[in-house]
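J.: Could you work out the structure for the sequence below:
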Amino acid sequence: MTTPAAFLPAAFKRLGWSNLLAQFSEQIALAAAPLAAVLLLSASPSQTGWLQTAQTLPFLLLSIPAGLVADRASRRALMVGSEALRALSLAAIVALLVLGALNLPLLALLGFAGAIGTVCYSVAAPALVPSLVPRAQLADANRWLELARSAAYAAGPALGGALVGWTGAPAAYVLATVLSLLAVLLLAGLRREENVVRQKRDLLHDLREGAGFILRHDLLRPILVTAIFFNTAWFVLQAIYVAYAVQNLGLTATQVGVTLGISGAGMVFGALAAPALSRQVSFGTMIVLGPVGGFAAALLMLLTLWLPSIFLVAVSFFLFGAGPVLWTISTMTLRQAVTPNAMLGRVSAFIMTVTFGARPVGAAIGAAVAAHSGVAACLFVATLGFLVQLLVIAASRVPKLQDLPEPA
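T.: Below is the predicted model of the structure:
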């Protein structure tokens, strides 16, 4: 039975509100960046792809260091500092826009800095949740976090695109900055963790221990590989989508924001439907629904090459949201359930490194393929990636899971 948000611990609710504001801030800024690049700085599809690469590269470079810090120090303090860094990067973009001094290299550099904050926040948050809620409520806590993220994905890009289209990029970045600062204040109000000073250990030993745990685990390993292919394919598509939508499909800035927001609407739908679905299907089936939804969505986006329709784009993004949110809720719950608490930071970091780290790789692939073969080739490459991720998880033991497994 699902737990209403009102019955979750007060500390978790504070984390949840902070997560909501931080996610809204991030999505508004992520929607504004490529639009500002295309509309204000006349960026090409290849250049927007490299911009996406810069904004996602910290996930590849810094997730493991962030995980090591999260297992040694205060996860709350790490989240406060990282979100403050992101707020500062957003404020710097506002200042450059007002002064008329923003260019693509500076936009990429500040996007890189802001993503450092996002990486640290994202690594620490899942590791902090088990200390705030009991094991029986982990799935419900993760569902509420994903519901907040889904709402941000639904409204954030649409709001960011609308603000850029109606009033210009500065308004979108001002709003993102204010939301990020409010998230910092909420995090700062969390009670300090007890016994946050961890036993000193060898860094290389910790790295080997975390990586070995994942690679030896017959459930976490295929989930990791599936996520790598999903994220790579998703960012091949994301790298060129804004330019493709504006230049090939003829969408306006507002319409681009709305289509991106529809992905969030799908996420909200998936998060709300999760409790009912979990009563009808097995735990393993819930996990597999994400890769199925991703492949179906990719096929619809590919179809727009021959049928350039905003309706097909909208349905595609809805599926990109609805299926993967079930994946995120289920796999995060699985990871928290089977991983010892002392290793959660490192395990989360390794998974984030190779999965979120696949994002700049995917964006770079999208930029390179767009430059040499055009956007149509990018859509074919993305679709192939989504097919592979579905085949990987379908061939594993994960679909056979009936319930949440016991800890390792």
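J.: C-alpha only now, for contacts and for neighbours.
T.: Fine.
J.: now the helices for the stretch 301-408 of the chain?
T.: Counting by DSSP state H, counting those that start in this stretch, the stretch 301-408 of the chain has helices at residues 310-338, 344-355, 358-373, 375-394.
J.: can you state the direction angle for the longest one and helix 344-355?
T.: Taking axes from the mean of the first three to the mean of the last three C-alpha atoms, to 10 degrees, one finds helix 310-338 and helix 344-355 inclined to each other by 150 degrees.
J.: which of the residues in helix 310-338 are buried?
T.: 310, 312-338 (16 or more other C-alpha atoms under 10 Å).
J.: and if you look at stretch 92-107?
T.: Those would be 92-94, 97, 102, 104, 107, for stretch 92-107 by 16+ other C-alpha under 10 Å.
J.: cool, and stretch 245-257?
T.: For stretch 245-257, by 16+ other C-alpha under 10 Å, it's 245-246, 249, 251-257.
J.: Please convert those to CSV, extending it with distance to residue 387 and secondary structure.
T.: Shown next, in CSV, are these (distance: C-alpha to C-alpha, whole Å; DSSP: H, G, I helix; E, B strand; the rest coil):
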residue, distance to residue 387, secondary structure
245, 23, helix
246, 27, helix
249, 25, coil
251, 28, coil
252, 30, coil
253, 30, helix
254, 31, helix
255, 28, helix
256, 25, helix
257, 27, helix
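J.: got any ranges where the stretch 301-408 of the chain has weak pLDDT?
T.: 407-408 (pLDDT under 70).
J.: redo that, cut-off 90
T.: In the predicted model, the stretch 301-408 of the chain carries pLDDT under 90 at residues 321, 323-325, 328-329, 332-333, 335-361, 363-364, 367, 371, 402-408.
J.: Just put the helices of the stretch 301-408 of the chain in TSV and tack on distance to residue 273.
T.: Shown next, in TSV, are those (distance: least, C-alpha to C-alpha, whole Å):
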stretch	distance to residue 273
helix 310-338	9
helix 344-355	25
helix 358-373	27
helix 375-394	21
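J.: Please name whichever of the ones you listed is nearest to residue 114.
T.: Among these, the nearest to residue 114 by C-alpha to C-alpha is helix 358-373 (14.8 Å).
J.: Could you tell me how many residues sit around residue 54?
T.: As a burial measure, residue 54 scores 22 neighbours (other C-alpha atoms under 10 Å).
J.: Contacts for the host helix or strand of residue 185 next, please.
T.: Using DSSP states H and E, residue 185 falls within helix 169-188. Helix 169-188 is contacted by residues 14-15, 17-19, 21-22, 24-26, 28-29, 32, 36, 76-77, 79-80, 83-84, 86-88, 90-91, 93-94, 97-98, 159-160, 163-164 when judged by C-alpha atoms under 8 Å, 6 or more residues apart in numbering.
J.: Could you rerun that using 6 Å?
T.: 18, 21-22, 25, 80, 87, 90-91, 94, 160, 163 (C-alpha atoms under 6 Å, 6 or more residues apart in numbering).
J.: and what of stretch 222-241?
T.: Contacts of stretch 222-241 (C-alpha under 6 Å, 6+ apart): 45, 49, 52, 355, 358-359, 362-363, 366, 382, 385-386, 389, 392.
J.: redo that, cut-off 7 Å
T.: 45, 48-49, 52, 351, 354-356, 358-359, 361-363, 365-367, 375, 378-379, 382, 385-386, 388-389, 392-393, 396 (C-alpha atoms under 7 Å, 6 or more residues apart in numbering).
J.: same thing with stretch 125-139?
T.: Counting by C-alpha under 7 Å, 6+ apart, 9, 11-12, 75, 329, 333, 344-345 sit against stretch 125-139.
J.: any idea of the angle whichever strand or helix holds residue 261 forms with helix 310-338?
T.: Residue 261 is part of helix 253-280, with elements assigned from DSSP H and E. Interaxial angle, helix 253-280 versus helix 310-338 (the same axes, to 10 degrees): 50 degrees.
J.: Could you pull out the buried residues of helix 253-280?
T.: 253-272, 274-275, 277-278.
J.: Then stretch 70-86?
T.: Under 16+ other C-alpha under 10 Å, the buried positions of stretch 70-86 are 70-72, 74-86.
J.: List the buried residues of the helix or strand where residue 244 lies.
T.: Per DSSP H and E: residue 244 is located in helix 220-247. Buried positions in helix 220-247, judged by neighbour count with 16+ other C-alpha under 10 Å: 220-246.
J.: Relative to residue 116, how far out is the residue nearest to the spatial centre of the chain?
T.: By C-alpha atoms, centre = their mean, the chain has its centre lying nearest to residue 356, at 7.7 Å. For residue 356, the distance to residue 116 equals 12 Å [C-alpha to C-alpha, to the nearest Å].
J.: per-residue confidence averaged over the helix or strand where residue 21 lies?
T.: Using DSSP H and E, residue 21 falls within helix 10-39. Taken as a whole, helix 10-39 has a mean pLDDT of 85.
J.: That helix: how far from the chain's middle?
T.: Here the centre of helix 10-39 is set off from its chain's centre by 11 Å, with C-alpha atoms, centre = their mean, to the nearest Å.
J.: Return the list of helices and strands in contact with that helix.
T.: Helix 10-39 sits against helix 104-132, helix 138-166, helix 169-188, with contacts defined as 3 or more C-alpha pairs under 7 Å, 6 or more residues apart in numbering; DSSP states H and E.
J.: tilt between that helix and helix 220-247?
T.: Using the same axes, to 10 degrees: helix 10-39 against helix 220-247 is 40 degrees.
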